[in-house]
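Colleague: sharing a model prediction with you, sequence too.
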Amino acid sequence: MICQKCQNEAVVHLTELVDGRRRERHLCVDCAREAGLTLPDAPPDLGLDAVLQGLIQKNVGELVGELAESRCPDCRLRYMDFRTGGRLGCPHDYRVFREGLLPMLQRFHGATRHVGKQARLRPGASLRLRLRSQLRQAVAREDYEEAARLRDQLRLKDQHA
Amino acid sequence: MTLDDLTRTSGEWLRGTGPESDIVMCSRIRLARNLADFPFTNRASRNEKAGIESQVRSAVDAAGVEAAYFDVNAMSDLDRQFLVERQIISRELAAGEGPRGVAVTPKENISIMVNEEDHLRIQYMLSGFRLPEVWDEINALDDQLEDDIAFAYSSSLGYLTACPTNVGTGIRVGVMLHLPGLVANKQIDKVFRALQKINLAVRGLYGEGSQAFGDFYQISNQQTLGKSEEEIIKILTDVVPQVLQYERSARQELVTGRRQHLHDQVSRAYGVLKTAQTISSEETMLLLSSVRMGVNLGLIDDLSIATVNELFIQTQPAFLQKLRGSELDSDQRNVARASLLRSRLANGRAVEDE
Ligand SMILES: [Zn+2]
Ligand SMILES: [Zn+2]
């Protein structure tokens, strides 16, 4: 069989499912390498464990990258900023960066669940935090109409707090 | 109550009363709390910090705490340092920026820092070893403040704090110990290593710069998540008596084994403090530590522990300058310090060895 991209002998034969449709690919060594498909020189002797490990590493690696860039919608802190500065930006960060924080809490405290005194429930408080961050962002983009509206809303919430 | 009033009084925690007060200077608990509807201090705008400050101030008023509020943002560097020396505010609050301050009761048992690393750092101190009592007091105060403040809290992670090392209970339970015996017999590092193994932190107290504050050390918990306040307090109330035991036997060894040497050292320290014309902060701490141990071992009988405790604070640089009402350079402070010591210790004398 001949490579689909050039006229060399195809050595890689793949069947992929793309959007529910079968697609066959036949590539030569060079084109396969260019397409990012690695070819072991020796016949593949990778056990299933090694393959899984590779997959996990690849996914966790991407996750960490994604987490590092992730940003709290309210205080605008990036996880990366927290890792360099050591301080979180607002109470919502514990939810936003949960994946990164839990292993850290386990290491430092030897636990990930609170035991002890409980605060009273204040359902309105978290909403006020959000309104306040929207207000800050409205002021930053000089949308004073929106800022005034948010200020009124906050005033109303504060009275009912 | 003004800042100047504070120069004429001293904190209750210096009185030298309460259980085990020969070694335990004071018991202290602090709670880290944040308002649920504001970003943490480091991420808050000036306006937001002002909003946090006014909410906390009105909650403190509503709680009926008889406290003076000091605006740390507006005060001079000297006044900030003065409050740091008195253990009323942290160095971090002193060095911070924007609206921030502290509410303090006249006896200085309660201090509530506003816009430190967390919006509120509530601290309660009592002289001697009595952590359960301190917990009852600060727990009630926390409840009262919560009447007017929605605290940042999650049912799974507890009280949410700017640094994840404080999340959960947000509690720091500590005792300030005077350990000259363990310093003298060089066992102190061993004791510290043992404490660190069970996740307790040991910190020297520091006066001017980084110089050790007369053999005083603070032992406190580090972990705040996964254990209740009572469990954390119990760890301290179980472990601290063992440290006291070590310190007592170290002192006993000094008394029985090297009584003459010890008596000589204590008497000389006392003599220098009473007669010096100029003395550094470092030497003062060193000598006061000897004198404090001497009083506790009955080698000096005309001096109260409270006076010695107070002198640790009153010989600090900012206090001396507040007392004089003017800025003093290092040489001038050494003269002012010696003069204060002479007048405070004028009538004392060492016990005659029979
Ligand atoms: Zn090809
Ligand atoms: Zn945030």
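Modeller: Good, I have the coordinates. Numbering: from 1, shown residues only, chains lettered A, B, ... in the order given. Ligands and ions are numbered 1, 2, ... in the order given.
Colleague: what residues are up against B:Asn73?
Modeller: In this structure, B:Asn73 makes contact with B:Glu97, B:Gly98, B:Pro99, B:Arg100, B:Gly101, judged by C-beta atoms under 8 Å, 6 or more residues apart in numbering or on different chains. The C-beta positions use only the backbone N, C-alpha and C, and glycine is treated the same way.
Colleague: now B:Val175
Modeller: B:Val24, B:Cys26, B:Ser27, B:Arg28, B:Phe129, B:Leu131, B:Gln218, B:Ile219, B:Ser220, B:Leu236, B:Val240.
Colleague: show me what contacts the closest residue to B:Thr9 other than its chain neighbours?
Modeller: Of all residues not flanking B:Thr9 in the chain, B:Pro106 sits nearest, at 7.1 Å (C-beta to C-beta, 6 or more residues apart in numbering or on different chains). If a contact means C-beta under 8 Å, 6+ apart, then B:Pro106 has B:Met1, B:Thr9, B:Glu66, B:Ala68 as its contacts.
Colleague: ok, now with 10 Å
Modeller: Each residue near B:Pro106 by C-beta atoms under 10 Å, 6 or more residues apart in numbering or on different chains is listed here: B:Met1, B:Asp5, B:Leu6, B:Thr9, B:Gly11, B:Glu12, B:Glu66, B:Ala67, B:Ala68.
Colleague: SS state for it?
Modeller: coil (DSSP: H, G, I helix; E, B strand; the rest coil).
Colleague: nearest residue to the residue in the stretch 201-350 of chain B that ligand 2 sits nearest to in space, please, no chain neighbours.
Modeller: Nearest residue of the stretch 201-350 of chain B to ligand 2: B:Leu225, at 19.5 Å (C-beta to the ion). The shortest distance from B:Leu225 to any non-neighbouring residue, by C-beta to C-beta, 6+ apart, is to B:Gly168 (3.3 Å).
Colleague: wait, does the helix or strand harbouring B:Leu141 make contact with chain A?
Modeller: In the assignment (DSSP states H and E), B:Leu141 maps to helix B:131-146. Yes - applying C-beta under 10 Å from any C-beta of the partner chain, one finds helix B:131-146 in contact with chain A at B:Asn139, B:Asp142, B:Asp143, B:Glu146.
Colleague: state the mean pLDDT of that helix.
Modeller: For helix B:131-146, mean pLDDT rounds to 97.
Colleague: picking that back up, buried ones among the residues of helix B:131-146 next to chain A?
Modeller: B:Asn139, B:Asp142, B:Glu146 (16 or more other C-beta atoms under 10 Å in any protein chain shown).
Colleague: from those residues, which single one is nearest A:Pro91?
Modeller: Nearest to A:Pro91, judged by C-beta to C-beta, of these is B:Glu146 at 15.4 Å.
Colleague: tally of neighbours for the nearest residue to the closest one once chain neighbours are set aside?
Modeller: Ranked by C-beta to C-beta, 6+ apart and with sequence neighbours excluded, the top spatial neighbour of B:Glu146 is A:Arg120, at 6.1 Å. When counting by other C-beta atoms under 10 Å in any protein chain shown, one arrives at 10 neighbours for A:Arg120.
Colleague: before we move on, what about B:Glu247?
Modeller: B:Glu247 is flanked by 26 other residues according to other C-beta under 10 Å.
Colleague: SS state for it?
Modeller: Secondary structure, three-state DSSP: B:Glu247 is helix.
Colleague: relative to chain A, how far out is it?
Modeller: B:Glu247 sits 29 Å away from chain A, going by C-beta to the nearest C-beta, to the nearest Å.
Colleague: show me what contacts the residue lying closest to that residue once chain neighbours are set aside?
Modeller: Distances taken as C-beta to C-beta, 6+ apart place B:Gly181 nearest to B:Glu247, at 4.9 Å, with adjacent residues excluded. If a contact means C-beta under 10 Å, 6+ apart, then B:Gly181 has B:23, B:187-188, B:215, B:246-255, B:293, B:296-297 as its contacts.
Colleague: if we go to 7 Å?
Modeller: B:Glu247, B:Ala250, B:Arg251, B:Leu254 (C-beta atoms under 7 Å, 6 or more residues apart in numbering or on different chains).
Colleague: so which strand or helix has it?
Modeller: Using DSSP H and E, the element containing B:Gly181 is helix B:180-184.
Colleague: starting at the chain centroid, how far to that helix?
Modeller: Remark: helix B:180-184 is offset 20 Å from the chain centroid, using C-alpha atoms, centre = their mean, to the nearest Å.
Colleague: for the record, mean pLDDT for it?
Modeller: 91.
Colleague: can you pull out the helices in the chain?
Modeller: Just so you know, I chose chain A. A:29-34, A:48-69, A:79-85, A:93-96, A:98-109, A:123-140, A:144-160 (DSSP state H).
Colleague: that's the wrong chain, I wanted chain B
Modeller: Using DSSP H, the helices of chain B run over B:3-6, B:46-62, B:77-85, B:91-95, B:131-146, B:180-184, B:188-197, B:229-257, B:259-275, B:281-296, B:305-314, B:317-324, B:330-344.
Colleague: nearest to ligand 1, of those?
Modeller: helix B:46-62 (61.1 Å).
Colleague: near ligand 2, anything from the closest one?
Modeller: No - Helix B:46-62 lies out of reach of ligand 2 by C-beta under 5 Å from the ion, never closer than 12.9 Å.
Colleague: that helix packs against which elements?
Modeller: strand B:110-114 (3 or more C-beta pairs under 7 Å, 6 or more residues apart in numbering or on different chains; DSSP states H and E).
Colleague: pairing partners for the strand it packs on, with directions?
Modeller: Within its sheet, and counting by DSSP bridges, strand B:110-114 is paired with strand B:101-104 (antiparallel), strand B:120-127 (antiparallel).
Colleague: one step back: a markdown table for the helices of chain B, including distance to B:Ser154?
Modeller: Output for those, formatted as a markdown table (distance: least, C-beta to C-beta, whole Å):
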| stretch | distance to B:Ser154 |
| --- | --- |
| helix B:3-6 | 38 |
| helix B:46-62 | 20 |
| helix B:77-85 | 33 |
| helix B:91-95 | 25 |
| helix B:131-146 | 15 |
| helix B:180-184 | 41 |
| helix B:188-197 | 30 |
| helix B:229-257 | 17 |
| helix B:259-275 | 53 |
| helix B:281-296 | 44 |
| helix B:305-314 | 39 |
| helix B:317-324 | 40 |
| helix B:330-344 | 49 |
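Colleague: least reliable of these by average pLDDT, please.
Modeller: Among those, helix B:3-6 scores lowest, with a mean of 86.
Colleague: list the buried residues in that one.
Modeller: For helix B:3-6, by 16+ other C-beta under 10 Å, it's B:Leu3, B:Leu6.
Colleague: now stretch B:242-262
Modeller: Quick answer for stretch B:242-262 (16+ other C-beta under 10 Å): B:Val243, B:Leu244, B:Tyr246, B:Glu247, B:Ala250, B:Arg251, B:Leu254, B:Val255, B:Leu262.
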